[in-house]
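1. After the sequence you'll find the predicted model.
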Amino acid sequence: MKIDIKLSGVGGQGILSIATVIGEAATAAGLQLKQAEVHGMSQRGGDVQSDLRLSTDTISSDLIPLGQADLIISMEPMEALRYLPYLAPAGAVVTASRPFVNIPNYPEEAALLAELDALPHVVRLDIDTLAREKGLPKSANMILLGMAAPSLPLLQPAQLRDAIARVFARKGDAVVNANLEAFDLGFEHAKSVSQ
Amino acid sequence: MSEKRLLLGDEAVALGALYAGLSGVYAYPGTPSTEITEYIQQSPFARERGVRSRWCTNEKTAMEAALGMSYAGKRALVCMKHVGMNVCADAFVNAAVTGVKGGLVVLAADDPSMHSSQNEQDSRFYGKFALVPVLEPSSQQEAYDMMADAFALSESLKLPVLMRLVTRLAHSRAAVAVGEPLAQNALDPDSERSHWVLLPGNAKRQYASLVAKQPEIAAMAEKSGFNRMEIRRSSRRMTEEGGHEGGVMSGGDRTSLGIIACGIAYNYVRESAPQGLPLLKLSQYPLPAKQIRELAAHCSRILVVEDGQPFVEEQVRALLGADYPVCGRLTGDLPRTGELTPDCVAAALGVPCGPAFAPARNLAPRPPQLCQGCGHRDVYTALNQVAAEYPDARIFGDIGCYTLGALPPFRAIDSCVDMGASITMAKGAADAGVYPAIAVIGDSTFTHSGMTGLLDAVNDGSDITVIISDNLTTAMTGGQDSAGTHKFEAICLALGVEREHLHVVVPLPANMPEITRILREEINYHGVSVIIPQRECMQTLGRKLRQKKQQ
C-alpha cells in the first residue's frame, strides 16, 4: 500500500514543515518514505513543491509520476491547481483557499476557486484567517495538515499529533500546543465537511 | 548495529564521508551541493573529531586545499555544484597526474533541468577527461555506502575519485542505514617529490603511470558491487531465475529490449519497467565493457537511461558498433535536454502513463523574486533611474540573488554568464567602445572570481563602473558566510582602485539621491570606479533576530 503526496505553496509558507511532520510520523510507523524537495532560488516568493511518497513496500522513484498523486496538499489555491496533471483520477486536493497574490497576472479568484471546486475531492478552507482568529498565526500549515489527516490512510491522526510534538519539541511547549490545536481545528473541519 | 536516519542525498554523502574517517571538507556553496558541507559544519561528531569545514573562497581554492590535506595523508572531500568543476578543473585534472596520498573524493552535484543553474553540463565527462574513477549513486543509501568505498578506492589507486549526484538525489530524503565510524588517518605527509613536482620530466612519468592504471580502474568498475546485472523472472520468456553467471544471459533469445540505467535513472526504470526486462545498473565508471557486451548479446536493442548528457549512450554506441541499435537521448527515445522523470522513462519503455487531469486553466507562473526590503532592490532602482539617462548604457550582471534583477519589475541587467563575468565582460565591452559599461556583482561572487578581473581593469585603466552589491552573505544558497565580509574596501584599494573613486553607500530608499548622484559622477569618470552598496541580507538578518529572541 502506498500514498503519493504533492505538497505545494509559495516559498516561506511552511510546506516543508508539513513534509517533516508527515515524514516523522511515517518513519515512526515503520513506513518507507522518499521526499524530494526544492531548494535554492525558488524559495524567494516563487512556487515551491515537494514530492512525498509513503509506502509499506520499497519506493523506487523519488518523483511522483503524472496522474498518480493520491493527494495534493497546498498552502495556496493556485499552487494546488498547478499540480493537477499529477493528481490520480480518485485523488484528493486539500488546500488553503486564500490566494497569495505576489504577481501582477494572478487569475481571477472566483474562477480559480470554481475550477478547484469542480474537482471530485476537494477540501478547502481559509486557514490564514482561521489561524489569526484563533490566535495561532504561525500554525496555519498545521491546520492544513489536520485537514489532510483523513486523507492519509497509512497514518492515524494520533500518530501525526505525536510527530508534531516531537518535531516542534525544541521550540518549547507553547509552540507544540499551538500546532496541536491548529491540527485539531483542521481535522475537525475536514470531518465536518465530509459528513 | 545499524541505525536508520532520514537523510537528504547530500546529508547521506556528508555522513558517509564523516564515518569514512574524513578530516576536512572544502567547498564553495552551490545548489544542489550546499547541504553536504552544512551538514558537516553542524555535526557534533565532526566537531568532536576536529573536521575542518569552513567555506572556501571558490572551488579552485577548495580543490587545492583538499589536495594539500590528501598530500599530508588525510582523507579530504571537495564539494561543489557542476559548474564549480569548471572553476577547479585545473587543480582537479592535475591532481590525477600527481596522484593522492590520503583519500580524496571530489563531489559534483549536477543540476539537469537547471533548477538553479545556468547550464546542465554533465560532470561525468570530467572524470573521463581526468582519467579517474567516477561513482554515481542511485539512492541515498548508496550515496552513504559509496563514501567509504570511494575513499578506499582513492587510496588504493592513489587517485582522486569523482562522485556525481543530481538534484533529485541531492535534495531527496530517505531512510539510510548507518554503520560504524572508521578512524581518521594519521598525519603522514608524502615524500615522493617526483610525484608532486610536475616539471615536464616528472609529469611525463606521472601521466604515463596514470594511463597505465586505466586497465586496473576499468577492472574495478567491472567487478564493482555498485554495477549490477539484473534479470528479473519472467513467466513467459525466462523460465529459470538467475544472474549473468547462469544460463539465462548466454542463452538469451535476443528478442528483448535491454536497459542500461545509470545512477538515479535506475529508480525511474524500476518504477515502471515490466517484469523480466534485462537491466544493467551502472553506478561506477569507466564503463564495464564486458557487462555491456553480455547485455548486448542477450538482447536485440539497448535503451540507455541516464540523467544529464548522453555520456554512456555515446560510449555504448562506440563499443557495440554502428549495427547494434542503441537508443536513448540521442535517438529521441528520451528527451535530449532536461532531467529524467518517471514519466519520460515510462514513455521510453512503452509503458502507458500520463496525466488524468488536464493542466489547470486559472494558472500563472510564479517566478522567484527579490525579497521585500532587500538591498539589491534599492541598487536596481537607483541603477535604472541613472541608466535611463544614458541610452547606450549596458549593465553586466553576475551570479546570485541579484540575477533576479533581470526579471520584472527591474529588467535591469543585460547579461549573466558565469561567476565573475560581470566585471570582465564590462571591461571587454568598454574596450570595444561601450559606454557606460556597468558591472553588478555580489560580495561573495566578487571574492569567488571577481577580484582578478578588477585587477585587469585597473591595470588597463578601463572605463567601467563596478557595483559590488554587498549583503554580507552568500545569500542565494541560503546565507553562508561570505569570504570577503568587511574587507571589500581594503581589497579594492589594494587592487589599485583610487580612493576617490571607491564609495560605500547604504542601499535604502532614503539614500536614493546620494546613490544616484554618486552613480552619475562615477559613470562620468572615465576610469575604474567601484561603488559598494552595503546592507545585510533580509533573510540572514531575520534569522539572527529570531535566534536572539529565542535565547
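-> In hand now; what should we look at?

2. so what's the residue most central in space within chain A up against?
-> When C-alpha atoms, centre = their mean is applied to chain A, the residue found nearest the centroid is A:I73 (3.3 Å). Each residue near A:I73 by C-beta atoms under 8 Å, 6 or more residues apart in numbering or on different chains is listed here: A:I5, A:K6, A:L7, A:S8, A:I15, A:I18, A:V94, A:T95, A:L144, A:L145, A:A148. Any C-beta I mention is one placed from the backbone N, CA and C, and that applies to glycine too.

3. what's the following helix or strand after the strand or helix carrying B:M220?
-> Using DSSP states H and E, B:M220 sits in helix B:214-222. Downstream of helix B:214-222, the next assigned helix or strand under DSSP H and E is strand B:228-230.

4. what lines up beside that following strand in the sheet?
-> strand B:279-282 (antiparallel) (DSSP bridges).

5. Quick check: mean pLDDT of the strand it pairs with?
-> Averaged across strand B:279-282, the pLDDT comes to 97.

6. Using PDB, write down the CA coordinates of that strand.
-> C-alpha atoms of strand B:279-282 as PDB (Å, rounded to 0.1, in the frame of the first residue of the first chain):
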ATOM      1  CA  LEU B 279      18.800  -4.400 -16.800                       C
ATOM      2  CA  LEU B 280      22.300  -3.300 -16.100                       C
ATOM      3  CA  LYS B 281      22.500  -0.900 -13.300                       C
ATOM      4  CA  LEU B 282      25.600   1.400 -13.700                       C
END
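
7. so how far is the helix or strand following it off the chain centroid?
-> Per DSSP H and E, strand B:279-282 leads on to strand B:284-285 as the next helix or strand towards the C-terminus. Mean C-alpha position of strand B:284-285 versus that of the full chain (C-alpha atoms, centre = their mean, to the nearest Å) differs by 18 Å.

8. Check which helices and strands whichever helix or strand comes after strand B:284-285 sits against.
-> Using DSSP H and E, the helix or strand that follows strand B:284-285 in sequence is helix B:289-298. Packing partners of helix B:289-298 (3 or more C-beta pairs under 8 Å, 6 or more residues apart in numbering or on different chains; DSSP states H and E): helix B:214-222, strand B:228-230, helix B:247-250, strand B:257-262, strand B:279-282, helix B:311-320.

9. one more time with 6 Å, if that's ok
-> helix B:311-320 (3 or more C-beta pairs under 6 Å, 6 or more residues apart in numbering or on different chains; DSSP states H and E).

10. ok, back up a step: name the residues of the helix holding B:M220 that come out as buried.
-> Using 16 or more other C-beta atoms under 10 Å in any protein chain shown as the test for burial, helix B:214-222 gives B:I217, B:A218, B:M220, B:A221.

11. Which of the contacts of A:I73 fall in helices?
-> Among these, the members falling in helices (DSSP state H) are A:I15, A:I18, A:L144, A:L145, A:A148.

12. Rebuild those as a markdown table, extending it with distance to chain B.
-> Output for the ones in helices among the contacts of A:I73, formatted as a markdown table (distance: C-beta to the nearest C-beta, whole Å):
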| residue | distance to chain B |
| --- | --- |
| A:I15 | 14 |
| A:I18 | 14 |
| A:L144 | 19 |
| A:L145 | 17 |
| A:A148 | 19 |
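
13. Quick check: residues of chain A near chain B?
-> With C-beta under 6 Å from any C-beta of the partner chain as the criterion, chain A meets chain B at residues A:27, A:34-37, A:39-42, A:44-47, A:60-63, A:65-67, A:81-82, A:84-85, A:87, A:89, A:103, A:105, A:107, A:111-112, A:115.

14. How many residues are close by the residue nearest to B:I259 when sequence neighbours are not counted?
-> Nearest residue to B:I259 in three dimensions, chain neighbours excluded: B:L279, at 4.6 Å (C-beta to C-beta, 6 or more residues apart in numbering or on different chains). Using other C-beta atoms under 10 Å in any protein chain shown, B:L279 is surrounded by 21 other residues.

15. before we move on, the earlier item: give me the three-state assignment for the residue nearest to the centre of chain A.
-> Using DSSP: H, G, I helix; E, B strand; the rest coil as the criterion, the local structure at A:I73 reads strand.

16. partners of it in the sheet?
-> A:L7, A:V94.

17. Next one: it from A:S61, what distance?
-> 19 Å (C-beta to C-beta, to the nearest Å).

18. Lowest-confidence one in the contacts of A:I73?
-> A:I15 (91).

19. Around the nearest residue to B:E536 once chain neighbours are set aside, count how many other residues there are.
-> Spatially, and ignoring its direct neighbours in sequence, B:E536 is nearest to B:L472 (4.8 Å; C-beta to C-beta, 6+ apart). Neighbours of B:L472 under the rule other C-beta under 10 Å: 20.

20. And B:I40, by the same measure?
-> B:I40: 26 neighbours (other C-beta under 10 Å).

21. so which helix or strand takes in it?
-> Element membership for B:I40, per DSSP H and E: helix B:34-42.

22. residues in contact with that helix?
-> B:L8, B:D10, B:E11, B:V13, B:A14, B:V25, B:A27, B:A46, B:S53, B:C79, B:T477 (C-beta atoms under 6 Å, 6 or more residues apart in numbering or on different chains).

23. So for that helix, mean pLDDT?
-> 98.

24. Just the buried residues of that helix, please?
-> Applying a neighbour-count criterion of 16+ other C-beta under 10 Å, one finds B:T34, B:E35, B:I36, B:T37, B:E38, B:Y39, B:I40, B:Q41 buried in helix B:34-42.

25. which residues of chain A score low on pLDDT?
-> Scanning chain A with the threshold set as pLDDT under 70 gives A:39-43, A:195.

26. quick one: contacts for A:V175?
-> Going by C-beta under 6 Å, 6+ apart, A:V175 touches A:F168.
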